[in-house]
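[1] dropping the sequence and predicted coords here.
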Amino acid sequence: MSSTRPIWLLIIVVGALSGASCDDHPLRDLCRRDLPGWQKELFSARIALNLELQGERAPASAENLSSQTARKEKWLDWAESGLKRAQSAADQVASLPGGIARSRIISDAATDFVSFHGYAQGMKRARMIEVLERLEQKRQQIAAEFCGL
């Protein structure tokens, strides 16, 4: 029995260490959850903005203005949420060895969320779409840099 004890101990230690390193890895959430979520959100946002651009020519009315205000608030909230998530991801990457320099692209994406917010305040939809395109390019660069995608 004593000869099997070291093997079981080794298996338990290796299993615990490999599980801990995987679970604590700062890029795991970025690669598995955040980037795929951002991809879906950016795609949906672009479709919604294009639809809004098409409907922009509708005649002005009190109901239409109320609806526009609600859409504006939705876009402002969306940009603020994206900014917070991008900043959180940049902080996680910056905590890695050599991560401060590598987190720059994520910080650039956070800046794009600020730009989007500014354009959303004025409901400059064409500019908002341009920023979404930049964000998608950065999302792809981040995926390639940190996730090997």
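    Looks like it came in fine. Numbers count the residues shown, from 1 in each chain.
[2] what is the least confident helix or strand in the chain?
    Lowest on mean pLDDT, DSSP states H and E among the helices and strands of the chain sits helix 5-23, with a mean of 37.
[3] what's the residue nearest the centre of the chain in contact with, if anything?
    Nearest to the geometric centre of the chain sits residue 38, at 4.3 Å (CA atoms, centre = their mean). Counting by CB atoms under 8 Å, 6 or more residues apart in numbering, residue 38 makes contact with 82, 85, 135, 139. Glycine gets a C-beta too; all of them are placed from N, C-alpha and C.
[4] so what's the residue count around residue 118?
    Using other CB atoms under 10 Å, residue 118 has 15 other residues around it.
[5] what strand or helix carries it?
    Applying DSSP states H and E as the criterion places residue 118 in helix 104-121.
[6] wait, residue 80 sits on residue 117?
    Yes - taking contacts as CB atoms under 8 Å, residue 80 lies within contact range of residue 117: 6.6 Å.
[7] those two: which is more packed in?
    Neighbour tally, residue 80 and residue 117, criterion other CB under 10 Å: the higher count belongs to residue 117, 19 against 15.
[8] now the more buried one: closest residue in space that isn't a chain neighbour?
    Excluding the flanking residues, the one nearest residue 117 by CB to CB, 6 or more residues apart in numbering is residue 79, at 3.8 Å.
[9] max-length helix in this structure?
    Scanning the chain for the longest helix, with DSSP state H as the assignment, gives helix 62-94.
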